[in-house]
Every structure is written in C-alpha cells, then in structure tokens.
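[1] generate coordinates for the sequence data below:
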Amino acid sequence: MAHVEFRTSPAEYRHWRLAVDGPVATLVMDVDEQGGLVPGYELKLNSYDLGVDIELYDAVQRLRFSYPEVKSVVVTSGKEKIFCAGANIRMLAASEHSWKVNFCKFTNETRNGIEDATANSGQTWLAALNGTASGGGYELALACERILLIDDRSSVVSLPELPLLGVLPGTGGLTRVVDKRHVRRDLADYFSTKSEGLGGKKAVGWKLVDEVVPRARWTEAVAERALAAASSAARLPGGPAVELSPLDKTRTQDSVGYPRVSAKLDRDRAVAEITVTGPSSDAPPSMDEAYAQGAAFWPLAVARELDDLILDLRTNEPAIGTWVFKTAGDAGRVLGYDALLLANDDRDWLAREIVLYLKRTFKRLDVTSRSLITLIEPGSCFAGSLLELALAADRSYMLFGVFEDIDPGAAPAAVSVGPMNLGPLPMSNGLTRLQTRFLGDADALAAVEKAAGESVEAEQAEQLGLVTFTPDDIDWDEEVRIAVEERASFSPDALTGLEANYRFAGPETMETKIFGRLTAWQNWIFYRPNASGPDGALRAYGTGKRAAFDRTRV
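    Next up is the predicted model:
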C-alpha cells in the first residue's frame, strides 16, 4: 500500500464540505468517486475509504478547537437519495488483512471522537439522513446523538454486511444498535440479516432512528432540530478559536520527527524508539498565554504530534511490532502544565478540549496492536500526563541509580503521580490506568494515591507497583535487549490477543466491546475464506456470482 499521511486541512478536502452558521455547523459528505486513496476502485454512492475518514477525523478535531462557538453539528450528504453506502467493497476486497483491520479501527476511533464531542464538549452531533444509510454509513449515523431519516418511501437504514459480504459491521454497528440505541435483541437480529434494511415508521418503532421527516419539511425540520440541540448544549466559555496549524513533521526511511515527539525506526529489530520531550519552560500563570500560543501550547502540541505518530506507525509500519517509549525533560514542568489545565477544566473550553484530546490519544495507544515498553532513565519526565505512557505500557523498566559510566552525578530516574493520573484520563473501560493496574487491590491503589506529588525513585516505584523491573546500570542494557528481542520472537497474532486481553481489566463498556470484538471476531472473520478467500463474499460481491461458503461452524 502507498504511504498514508494523516495531516490534512479543509482546503485540501476532496470528500467533505464544512460550513458554520453561528452555533450550528454542517458537515456535508460528497465523496469524489475518483478520489480513492489508492488506484483500483471508485468511491460510488458516497462509499468511503481511509482517505475519506482521514478528512472526517480532521473535521471533528477542527470543530472542537477552531470553532468554539459551534454547539451542534449536522452531518448529511451532498448526493440525492443516498447518505452513505459505507466502506467501499472493492477497496476492502483488494486490501491486505492488516489494512482492513486498521481501517476499521481508525474509523471507529473517529466515531468515538464524535460521541466524545457530544458527551463532553458541548457539541451535539445529529445525522440528517437525506437518503439511504447502509453499512458504515449507518454506523456513522449511529455515532450521532440523534438520527433523522427522510421519509420518501425509498430511504432506509441497514447493516447488510452479514447477508451480502460475509463480514460484520466493523466499526461497532452491532454493539451500538443494542448497547446505545437499545434495540431489542430479536429485532436487531432480524435487522442485521436483511440487506434491504428498514425505513419509515418501523425504523422509528424499532429505535433504529429517532424521527422520520417528510421530504417537504426536511430542510426546515433539520434546521429546527440543530438549533434546538445547540440551545441545550453546554459549551464552556473561554478565549478565541485555536487554529490547528499544519504539523511540523519530518519523515525519513528510519525516523519520524516533530518538535516535541520523535521516533527512530529499527526495521532489523522491528522496534520504534519513541521519545516525548517535556516543556522547555514553566507553565504560564493563566490560560491567556495558552490562547496566545495556540497550537504551539505544549500539551496541545504534544497531543497532536503523538496522535499523528501513532497513526503513522500503525498504518505505515505494520512490521514494527514493538514501540519503546522514553521521555526527556523536567517532571515539575509537566505537572505544572497539568495543574493549569485541570484548574480550568470546568470553566474554559480550551483547557477542557486539551484534556479530552490527551484522553483520546492515550486511548488510541491502548487499542494499538503493538507491544509497548517504557524505559525510565535519568533525565526522564514520566510525571502526570506523561506518566500515562508508562501506565499504558505492557511492561516498564526503570533504572535503579544512574549510569555510572555516562553521568555518575545525574539525578536518579524518578516518576511522579499527579492529579491527571487520578481521573481525567480514563481508559475505554471507564477506569483510570492506575485503577486498572490495581484492580481488586484497594490498598495498593491507596498507597499510590498517597504518594501523589512525590518524586518516586526506582526502589519505591517497584514497591508501589508503578514499574515492572528496576535493573541497575550493569544489567540495564542486557535486560532491555532480551525483553525487546523476546517480544520480536513471538507470534504477532498471539501478542495482539495477549495485549488486548490484559490491557482492559475490569468492567466492560461499549468501547471495550467494540474494540475487543474488532480485535477478535472481525479480525478472525476477515482472515476466513468465507469472507476473503477467492470465492468469498467480499470478492464475489457485485460480480453476479454467489459466494461459496464452508458451512462448518467453529
């Protein structure tokens, strides 16, 4: 596959149009049929590929930062009689397995971002289905708070993946139908096996949509619902809009670099060594300076750079299976920026949005199918928000003492738990990473919370359970080398299953269900010949041939 770049802007969109009128934004999906990310398929009927969703993700982000006045967002179609036909089938049939799964994962993360905006940002999303919404098109609607369907006797909603393609709605469709919209199980079962879908009063009665609107009142009704949503939305006040300027990014064969985040790529060892650099100055005394700095404000800049790096490596470097995280900087400064954000989280829209962006970025890391290892050394700044990198890791190594041959006078490695670790950045399971780490061990969690604000060195960090191992400088290189090489020797498939099982201890939520089922069920289904084989449903679709199924249930 071609190299994929996730950086874009409204001026570069080929598939979406964004218009803002006071408190209401309208996002129009008008996919360019010839605008596929790679050659070989046409994006007919507003079907989409990764390129279409990259633009949607960018629009979701910009609406949150560049349009603080917007309180409701209407997503609709620029084409007659069709809202969206979902993921392009030719694209899926021709794509490698890893591409299909990562595509579904990114698409669902974007849907989660829409739901997060509705729940936490005072930007309520509404789906105005001016035509049929099928498959991923209906899944986009499901991510919205309210769904309006035009009543023209032909427009329907459907999830036809099972009967037509031999797969499942890969971005959480089944889960959202029953967990979010509370459609009865038996009705959901019927709905998901009928490719023709449902419309009109039955779609409302089954809770698949909220309202059907006659064509004659369509424009008026959508405007009324959007204004009503805006009037009831609680968008925080604050300063002016923040323009998300283009990321300063440099990519070579063996590195990816930004001002505050960098990655060295070692393809021979299948390792990416990622370094996050802490702030170069103390946090400002108020959010006024944050507005003045705009996209260069350190927490926002780090969130954007780390987010882009995760997406880049996940998509373009599928064979690099181990990510090793380091930090460099002053831990006190990191905690200072955290304190500024949290002091304003309930009264300033920008502070709130940055905290939410950090939350979403760490969640993206959690669901990434890579082995995550953290190295905590002298000069690190794993504190507060950056400590989340260590808490998200599958394993962490912290140097006991210092590197005697390099800098014997250095301050020993230390970590610091801060308020950002105690609630604002939950995982998909609804728990903090500390709560997940110490699930069922209230005393251990209480001991860590008691140590909040302290600079904790290796021995105490190991006793508290904040790190996995604490080798000294004699054993450091060897233990780290063995850990990385051992990881590379295991089956990547088994590691993906291992990591996905261990990372989300505790309660199951709609998000953990979606990503767990994507990792397991959809991953497996995509591999099977019934879907992806030469005679499978994905390849047979549109050819006039019937798929040949192996009828054995496993």
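[2] and stretch 211-219, end to end?
    End-to-end distance for stretch 211-219: 14 Å, by C-alpha to C-alpha, to the nearest Å.
[3] could you do stretch 117-128 as well?
    End residues of stretch 117-128 are separated by 17 Å (C-alpha to C-alpha).
[4] same deal with stretch 75-87?
    End-to-end for stretch 75-87, by C-alpha to C-alpha: 17 Å.
[5] and the contacts of stretch 333-348?
    236-239, 278-279, 281-284, 286-287, 290, 298-299, 351-352, 354-355, 381, 383-386, 416, 418-420, 424, 453 (C-beta atoms under 8 Å, 6 or more residues apart in numbering). C-betas here are computed from N, CA, C, even on glycine.
[6] neighbours around Ala411, how many?
    11 (other C-beta atoms under 10 Å).
[7] an error on my part: the question was meant for Val261.
    23.
[8] list the contacts of it.
    Shown in contact with Val261 (C-beta under 8 Å, 6+ apart): Ile274, Thr275, Val276, Thr277, Val302, Glu305, Leu306, Leu309.
[9] partners of it in the sheet?
    Per DSSP bridges, the residues bridged to Val261 are Val276.
[10] how close does it sit to Ser369?
    Using C-beta to C-beta, to the nearest Å, one gets 20 Å for the distance from Val261 to Ser369.
[11] next: Leu495.
    8 Å.
[12] returning to that earlier point: mind listing which of the contacts of stretch 333-348 are in helices?
    Met287, Ala290, Trp298, Pro299, Ala351, Arg352, Ile354, Val355 (DSSP state H).
[13] most neighbours, which of these?
    In these, the most neighbours by other C-beta under 10 Å go to Ile354, 28 neighbours.
[14] ok, it touching Trp298?
    No. Counting by C-beta atoms under 8 Å, Ile354 does not reach Trp298; the two are 9.8 Å apart.
[15] and Val24, how far from Leu227?
    For Val24, the distance to Leu227 - C-beta to C-beta - is 6 Å.
[16] I meant to write Leu399 there.
    58 Å.
[17] before we move on, what about Val183?
    Taken as C-beta to C-beta, the span from Val183 to Leu227 is 28 Å.
[18] if we can go back for a sec, farthest-separated two in the ones in helices among the contacts of stretch 333-348?
    Distance extremes for the ones in helices among the contacts of stretch 333-348: the farthest pair is Trp298 and Arg352 at 16.8 Å, using C-beta to C-beta.
[19] low pLDDT regions in this protein?
    Across the chain, the ranges flagged by pLDDT under 70 are 1.
[20] apply 80 and report the result again.
    Counting by pLDDT under 80, the ranges of the chain that qualify are 1-2, 170-171, 519, 521-523, 527, 554.
[21] could I get the buried residue list for the longest helix seen in it?
    Longest helix in the chain, counting residues (DSSP H): helix 97-120. Judged by neighbour count (16 or more other C-beta atoms under 10 Å), helix 97-120 contains these buried residues: 98-118.
[22] equivalent analysis for stretch 417-434, please.
    417-422, 424-429, 431-434.
[23] quick one: the helices in the stretch 51-200 of the chain, in order.
    89-94, 97-120, 136-142, 173-175, 185-191, 200-205 (DSSP state H, counting those that start in this stretch).
[24] brain fart, the stretch 351-500 of the chain
    387-392, 433-437, 442-450, 458-464, 476-489, 492-503.
[25] other SSEs contacting the shortest one?
    This points to helix 433-437. In this structure, helix 433-437 packs against helix 387-392, helix 442-450, with contacts taken as 3 or more C-beta pairs under 8 Å, 6 or more residues apart in numbering; DSSP states H and E.
[26] please apply the same query to the last one.
    Other elements packing on helix 492-503 under the criterion 3+ C-beta pairs under 8 Å, 6+ apart are strand 371-376.
[27] the nearest residue to Gly430 once chain neighbours are set aside - how many residues pack around it?
    Closest residue in space to Gly430, ignoring its immediate chain neighbours: Thr509 at 5.4 Å, by C-beta to C-beta, 6 or more residues apart in numbering. Using other C-beta under 10 Å as the criterion, Thr509 is surrounded by 18 other residues.
[28] ok, Thr509 to Thr107 distance?
    19 Å.
[29] same thing with Trp323?
    Taken as C-beta to C-beta, the span from Trp323 to Thr107 is 22 Å.
[30] just Ala414 next, same as before
    On the measure of C-beta to C-beta, Ala414 and Thr107 end up 40 Å apart.
[31] cool, and Val75?
    14 Å.
[32] likewise for Ala390?
    Ala390 is 29 Å from Thr107, by C-beta to C-beta.
[33] on that earlier part again, Leu399 and Leu227: which is more packed in?
    Per other C-beta under 10 Å, whichever of Leu399 and Leu227 has more neighbours is Leu399, with 23 against 16.
[34] check contacts around the more buried one.
    Contacts of Leu399 (C-beta under 8 Å, 6+ apart): Ile376, Glu377, Pro378, Pro412, Ala413, Ala458, Thr470, Pro471, Asp472, Asp473, Trp476.
[35] now swap in His15 and tell me
    With C-beta under 8 Å, 6+ apart, His15 has these contacts: Met29, Asp30, Val31, Asp32, Gly35, Leu43, Tyr48, Gly51, Val52, Glu55.
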